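1. With the input below, show me the fold.
(chains A and B)
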Amino acid sequence: MDPIKLKEIEKKWQKKWKEAGIFEADVDKNKDKFFLAHAYPYPSGPTHHGHARAYLFDDAIARYKRMKGFNVLYPMGWHCTGNPAMIKAEKIRKGDEETIEKLKEAGVPEEEVKRLRDPYKYVRFFATESDLSYKSCLETVGCSIDWRREFMTIDETYKKFIQWQYSRLREMDYVQQKEYPVIWCPDQEMPLGDNDVEDESQGAESEEYVAYKFRIETDGKEILLPAATLRPETVYGVTNMFLNPDLDYVVAEVGDEEWLLSHDAYEKIGYQREDVSLIEEFSPESIIGDYCKNPVTDEEVIILPADFVKGGSATGVVMSVPAHAPYDHIAIKELEKKEDVLKKYDIGAEELDFDYIGLIDLEEYGKCPAVDVAEELEIKKLDEEKLERATKEVYRKEFHQGTLNENTAYPGKKVNEIKDKVKEDMLAGGLAEIYYDTNKPVVCKCGAKGVIKLVDDQWFLKYSDREWKASSLDLLEGAEVVPEKYRKELEYYLDVWMGDKPCARKKTLGTELPFDKNWMVEPLSDSTVYMAYYTIAKTINQENIDGEELENSVFDYVFWGKGDPENCKIENEILEEMREEFLYWYPLDMRIAGTEHLSNHLSFMIFQHAALFNEERWPKGITIHGMVLDENGNKVSASKGNGYNMKEIAKGGMVDAMRLGMYAKSSPWDDIRFGKKEVDRTIENVSSRFQKLFKYVEMVDEESGETKDVLDRWILSKMQRHVGNTEDALERLELMEAVNHGFYAAFNDIKDYVNKKENLNHNVFERVINIWIRILAPFTPHLCEELWDRMGGDGFVSEEDWPETNDEMIDEAAERGKKLGDTIEDDIREIKDITGLEKPEQIKIVSSAVWKREMKAAVQEGKELSELMKKDRFRKQGDDAARYFRELKKKHEEVDVMSCEEEIQALEEMKDYFEQTFQAEVVLEREEESDEDKAGKARPGKPAIVLKD
RNA sequence: GCGGGGGUACCCAAGCGGCCGAAGGGGCAGCGUUGAGGGCGCUGUGCACGUAGGUGCUUCGUGAGUUCGAAUCUCACCCCCCGCACCA
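-> Coordinates of the predicted model:
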C-alpha cells in the first residue's frame, strides 16, 4: 500500500460521509442523545497540527459514542468577536512588513493578503474560506461535525441571541455599571489585554498609588508635589523627597490646584481625570535643596536630587522613607558621598543628617528594617537586583507581621488590617489622591505606549454575587470533570477568585449592549452559553431566518417556554421545531476546552448557565484538553512556524497515522511534545503498521485450516479483552490507554497469532479482523472505512455498532495455554544461551507431576505441611514434597493451577510451532513417566525442559 | 505572593501497597530476510556472577518514617510546569 493510495482513501471517505450526511444529527426521540461542544476557535491566523489535536480528541469521542448507539451532536462555530483580527487587519492596512511577511510564509497568496486588511474578511478567511482555515483543518483530519449548525459570532442572528442574553441578565440585576481603571491604548482608543500588547509588556497590571500632596511655596505660589506610593501607611516616616534633576517636569493645573508632575505623568493623568491642563514646563533644579511640607505630619522635609527616579514610573515625585524602604536608605547613603552634587544644590552635610523614623514594629528587626536588611544582604550601592529583593523582603514581612507604632496615628494596628483604612482617611481628608499606573511599561502591538484609563461607566457582570456563586458551585458539583484533578481549581475560581468582570468595551468586533449602545459586549462574555445556540442554528440556517425576526420573545419561548409564540415574527411551526431541538439536545453532555480556559470561558459558562437556565439544563460534563509543544517545549503556533498545516499531512495521506500517533502520545489533557520531526517519525512508524493491516485483510480470504486450536481460542479470547479494555478506557476518555489496548496490544497479539499459526483459521481470523477494524474506527476512521469496505462490510463502519463484549468468549484455559507456550519458548532460548547448545536435536518438555499441582492448590488454600504430609500421595514423595512445600511458601503466587491434561493438550497443539522455531524434535512427557534427571524440576505451569544434542 | 498540577530507566509515558527490574512507544544493539547501513521480522536493552530456565546487588526527585513488604501510604525538603482576568 503506497502513500498515494492512502491519500485517496482519506479524500474518498470524507466525500462519501458528506454525501451520505452521516454526521448530521437530527432529533430522534427513540435514541439517547449525546451532545458535545468544543470551545469554538478564534480564527486569528493559520492553523497547524496543534489545533488539530484539540479537536481530534472530540472526534474520537463523538465517533465512539455514535457506535455505542447514541445520537451524537457534534457541531462547530467560529468566535469572530474580539480584537486580534482587528489589529492584524489594521497592520495589513498600514502595510506592516512583518505581519504581511508572516502571512505569506504561512501560505497566504500574495493577492489575498491585501484583502485581509478588512477584519471581517480576515476572520472569514481563517475561519472557513481558505486551506489555512480552521474549517479546512477540521475537515482534513476527518472530524465528524454536523456542519449544518455552523455559525459565526458576528452573524446578525447570533448577535440577537447575545442581546437577549444580556437583556435578561440586566433584568436579573447581574449586569451593573461602575468606575474601573483599565490598561488603555491611546491610539486605538481601546483597552488592552495581554493578547494586545508586546511580549515584554505581558503580565502588566494596573496599580493603585496613593499620591500625597506635599506642599512647597515657590515664586509666591503654592505648588503641590504629589508623591505616589503603594504604601500609604509609611507617610509618617518621610524624611525627604526625591526629584530627578535630569528629568522633564511640568506644573499642571489639576482641579483648582497646581501639581508638579513628570512630563510622562502629565501625559498619562489626563486619562484618569478631565480637570487637568498644562501651566508651564518646570525645572526641578530650582527647588532641589528646598524644603516642602508633609501634608499629614506638617513636618518640613528636604528635596534631594536623585537620578534613579524615572519619569515613566508613577508621578516622578518620590517620597523617601529610609527606615522601611531599602532603596531610599541606600540612595541617601550614596548621596552623602557625592560632595559635588551636594555643593551644586547648596545642601549642607548636616541637612542629610536627619534621623530615620521607624513606624512598623517587627519581631526580628530593629527600628529600621530597611537598614537591617540592607546590611544583611551587604548592599552598598544602588544595585538593582539586590535592592529589588530587599524591598520585597521588607515589604512582605512588614505587611504580614508588622504593627504600626506610636509614630503613626494608628498605633497597635496591624499593617495588613489598617492599610486600606489609612488610604480612605487620607483621601477623605483631601491630603492625597489616587493615581493609577501600570506596574511595568506597556507597549501596544500597534506601537503606542499604554496608559491607565479610568472608565467611570464600565459595565460589569456581577460575578461577585454570593447567590450567583452558590448556584454556580451547585452546577459544578453536579457536573463531571475530566480529569477530576481540575475540579478543585475550578471550585477555587468560582468560589474565591472570581470578582466582578467588565463585560463590555467601547471598540471591538461584536455585539452592542442592548441597553447601552455605546458599548459592545466584551468578546469573552459573548461566549458563555453559545452551546444552546447550536441546537437552533440548524433551523436558523435552513429557514434563512434573519436577525430582525429573532426578538427576545423568540428566545424566551425557545429556551424557557415562556411567553406567547403568537407574538413572534417567526412561523409557529418553525418556532416549535427550534423549541423541540433545544429540549431534545440540551443540556450539553460534554464541554471541551483547554486548561487555559478554566478561569475564564469555563467559569463563565458555569456562571451564565446557572443564571439563565434551570437546573435540568445545566451542562453535565467539562473536559480539559492539553496542547502541543515542539521538540524544545515551546507551544506550537502559527507565528513560530513550528507546526504542520494539515494539508501538508493530508498530501501524503497520513492523517490517520498522525491521529493515531497523537492519541497514543499521552492522555488528552496532558501537553504533548510533538514537533514536526516527531510527527514525521510517528507517521512513518504508524503507517508501516497500517500496511500490515491491509495485508491481514487480504489474508482473511486465503486458504485456511479448519481446526480451532489453542491459538485460535486464545486470539478470540484476547480480542474480547481488547474490546473490553478499549471500551473501558474510552468511557474514561483515556484515549492513550484506549489506543494502547485497541491498536498496539491487539496488533502485537494478532502479529503473534499470524506468526505462530501455520494455517490461519478463516472464520476465526475474519472475526478477529472484523472486531479490530470496529474498535479502531474512532481513531483511524478513513483507514477503517477502507478496510471495512474491502472486508465486504455493508455501509459505513462509522455507523456500525461497537463490538459487544461477551464474557463467554473469554477462554482462560486458552490464555493459560498460550502463556505456557510463551514461557517455554523464552526458557528454551535462555537455556540455549547459557549452555551454548546452538542446535539441539531434541527438546523434551516434561509436564509436572500431579501431586505438585495438588500441593500447590492446597498451599494456596493455606494448608500447612504437617497436615499435607498425612496424605499418602505427598508422603511418598518424601523430602521432595517438603522441599517443594517450602518453595511454594516462599513465593506465594496467585495463579490458577493448570491440570496435566490441559497442559499437555496445549503443548501438543503448539508442538509444531516449537519444532519449526527451534528446528528440533519436540517430545512431550509427563513427570511421572519420565526418565530424565531434570524431570524433577518441572513445576505446574513451568514444565522441565531438557535439550539434547 | 495566591491557587492548581507534576518529578518513573537513554527519551516520551503507564503504574499509585505484594503478580514491579517496573506496560506501551521511541531510540540503541545483535541476528535473520534483502541488491542495500533502507524496509520488514525476531531478539536483547540496570549491574555482576552462572555450561540449565537461576542467584546476588541496585533503581522510580532527596531525606526520614509506617509496614512482613513501598515507585505506590505519611512527613519534611529540593526542583519543574500552568493560571492569576477583562484577553482570546
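
2. what's near enough to touch whichever residue of the stretch 751-900 of chain A sits closest to RNA strand B?
-> Proximity of the stretch 751-900 of chain A to RNA strand B (C-beta to the nearest atom of the strand) peaks at A:D827, 3.5 Å away. Quick note: C-beta positions are derived from backbone N, CA and C, even for glycine. Contact analysis of A:D827 by C-beta atoms under 8 Å, 6 or more residues apart in numbering lists A:942, A:945.

3. Check the gap between the spatially most central residue of chain A and RNA strand B for me.
-> Nearest to the geometric centre of chain A sits A:T595, at 2.4 Å (C-alpha atoms, centre = their mean). Noted for A:T595: a distance of 5 Å to RNA strand B, by C-beta to the nearest atom of the strand, to the nearest Å.

4. Check A:V628 too.
-> To RNA strand B, A:V628 is 12 Å away according to C-beta to the nearest atom of the strand.

5. Within range of RNA strand B, give me the residues from the stretch 401-550 of chain A.
-> When proximity is defined as C-beta under 7 Å from any atom of the strand, the stretch 401-550 of chain A approaches RNA strand B at A:463, A:485-486, A:488-489, A:492, A:497-503, A:505, A:508, A:522-524.

6. try 6 Å this time
-> Contacts of the stretch 401-550 of chain A with RNA strand B, taken as C-beta under 6 Å from any atom of the strand, map to A:485, A:488-489, A:492, A:498-499, A:501-502, A:505, A:508, A:522-524.

7. taking the residues you listed one by one, which sit in helices?
-> Of those, the ones assigned to helices by DSSP state H are A:488-489, A:492.

8. where does the nearest residue to A:G821 once chain neighbours are set aside land on pLDDT?
-> Using C-beta to C-beta, 6 or more residues apart in numbering and skipping residues adjacent in sequence, the residue nearest A:G821 is A:M910, 4.5 Å away. The score at A:M910 is 79. That number is its pLDDT.

9. and what of A:G203?
-> A:G203 is assigned 69 on the pLDDT scale.

10. So the nearest residue to A:Y744 once chain neighbours are set aside, which state does it fall into?
-> Nearest residue to A:Y744, sequence neighbours excluded (C-beta to C-beta, 6+ apart): A:A664, at 7.2 Å. Of the three states, A:A664 takes helix under DSSP: H, G, I helix; E, B strand; the rest coil.

11. name the helices or strands packed onto whichever strand or helix holds A:M531?
-> Here A:M531, judged by DSSP states H and E, is contained in helix A:530-542. Helix A:530-542 sits against strand A:33-38, helix A:156-171, helix A:572-585, with contacts defined as 3 or more C-beta pairs under 8 Å, 6 or more residues apart in numbering; DSSP states H and E.

12. Rebuild these as a markdown table, extending it with mean pLDDT.
-> Below are those laid out as a markdown table (pLDDT from 0 to 100):
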| stretch | mean pLDDT |
| --- | --- |
| strand A:33-38 | 96 |
| helix A:156-171 | 96 |
| helix A:572-585 | 96 |
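
13. Could you single out the most deeply buried of these?
-> strand A:33-38 (a mean of 23; mean count of other C-beta atoms under 10 Å).

14. Which elements pack onto that one?
-> With contacts taken as 3+ C-beta pairs under 8 Å, 6+ apart, strand A:33-38 sits against helix A:49-67, strand A:71-73, helix A:530-542, helix A:572-585, strand A:590-594.

15. Make CSV out of those and add distance to A:K178.
-> What follows is the helices and strands packed on strand A:33-38, written out as CSV (distance: least, C-beta to C-beta, whole Å):
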stretch, distance to A:K178
helix A:49-67, 37
strand A:71-73, 40
helix A:530-542, 27
helix A:572-585, 35
strand A:590-594, 29
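
16. Nearest to A:M736, out of those?
-> Comparing those against A:M736 with C-beta to C-beta, the closest turns out to be helix A:49-67 (10.9 Å).

17. May I have the closest one as CSV, with CA atoms only?
-> Extracted C-alpha coordinates of helix A:49-67, given in CSV (Å, rounded to 0.1, in the frame of the first residue of the first chain):
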residue,chain,number,x,y,z
HIS,A,49,-1.3,20.3,13.9
GLY,A,50,-1.6,21.7,17.4
HIS,A,51,-5.1,22.9,16.7
ALA,A,52,-5.9,19.5,15.1
ARG,A,53,-5.0,17.6,18.3
ALA,A,54,-7.5,19.5,20.4
TYR,A,55,-10.4,18.7,18.0
LEU,A,56,-9.3,15.2,17.3
PHE,A,57,-10.0,14.4,21.0
ASP,A,58,-13.7,15.3,20.4
ASP,A,59,-13.8,13.4,17.2
ALA,A,60,-12.7,10.1,18.7
ILE,A,61,-15.3,10.5,21.5
ALA,A,62,-18.1,11.5,19.1
ARG,A,63,-17.4,8.5,16.8
TYR,A,64,-17.2,6.1,19.7
LYS,A,65,-20.5,7.4,21.2
ARG,A,66,-22.1,7.0,17.8
MET,A,67,-21.0,3.4,17.6
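
18. Determine if any part of that helix is in contact with RNA strand B.
-> No - judged by C-beta under 6 Å from any atom of the strand, helix A:49-67 and RNA strand B are separated, with a smallest distance of 11.7 Å.

19. how about TSV for the helices and strands packed on helix A:530-542, with distance to A:K863 added?
-> Converted to TSV, the helices and strands packed on helix A:530-542 look like this (distance: least, C-beta to C-beta, whole Å):
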stretch	distance to A:K863
strand A:33-38	53
helix A:156-171	73
helix A:572-585	62
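
20. Dump these into a markdown table; add distance to RNA strand B as well.
-> As requested, the helices and strands packed on helix A:530-542 are exported to a markdown table (distance: least, C-beta to the nearest atom of the strand, whole Å):
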| stretch | distance to RNA strand B |
| --- | --- |
| strand A:33-38 | 14 |
| helix A:156-171 | 14 |
| helix A:572-585 | 25 |
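
21. who wins for proximity to A:R816 among these?
-> A:R816 lies closest, by C-beta to C-beta, to one member of the helices and strands packed on helix A:530-542: strand A:33-38, at 39.2 Å.

22. Can you list the strands that that closest one pairs with?
-> Here strand A:33-38 has these sheet partners by DSSP bridges: strand A:71-73 (parallel), strand A:590-594 (parallel).

23. which stretch in these has the least confidence?
-> Mean pLDDT is lowest for strand A:590-594 among the strands paired with strand A:33-38, at a mean of 93.

24. Please determine how far the residue nearest to A:G821 is located from A:L711.
-> According to C-beta to C-beta, to the nearest Å, A:M910 and A:L711 sit 7 Å apart.

25. Common neighbours of those two, please.
-> Jointly contacting A:M910 and A:L711 under the rule C-beta under 8 Å, 6+ apart are A:K756.

26. what's the pLDDT at A:G836?
-> With respect to pLDDT, A:G836 scores 69.

27. Can you list the low-confidence ranges for the stretch 101-250 of chain A?
-> Across the stretch 101-250 of chain A, the ranges flagged by pLDDT under 70 are A:195, A:199, A:203.

28. For chain A, which element, helix or strand, carries the lowest mean pLDDT?
-> Lowest by mean pLDDT, DSSP states H and E among the helices and strands of chain A is helix A:879-891, with a mean of 71.

29. Can you name the residues of the stretch 101-250 of chain A that neighbour RNA strand B?
-> By C-beta under 6 Å from any atom of the strand, the residues of the stretch 101-250 of chain A that approach RNA strand B are A:182, A:191-195, A:205.

30. what ranges do the strands span in the stretch 551-700 of chain A?
-> A:590-594, A:621-625, A:628-629, A:672-673 (DSSP state E, counting those that start in this stretch).
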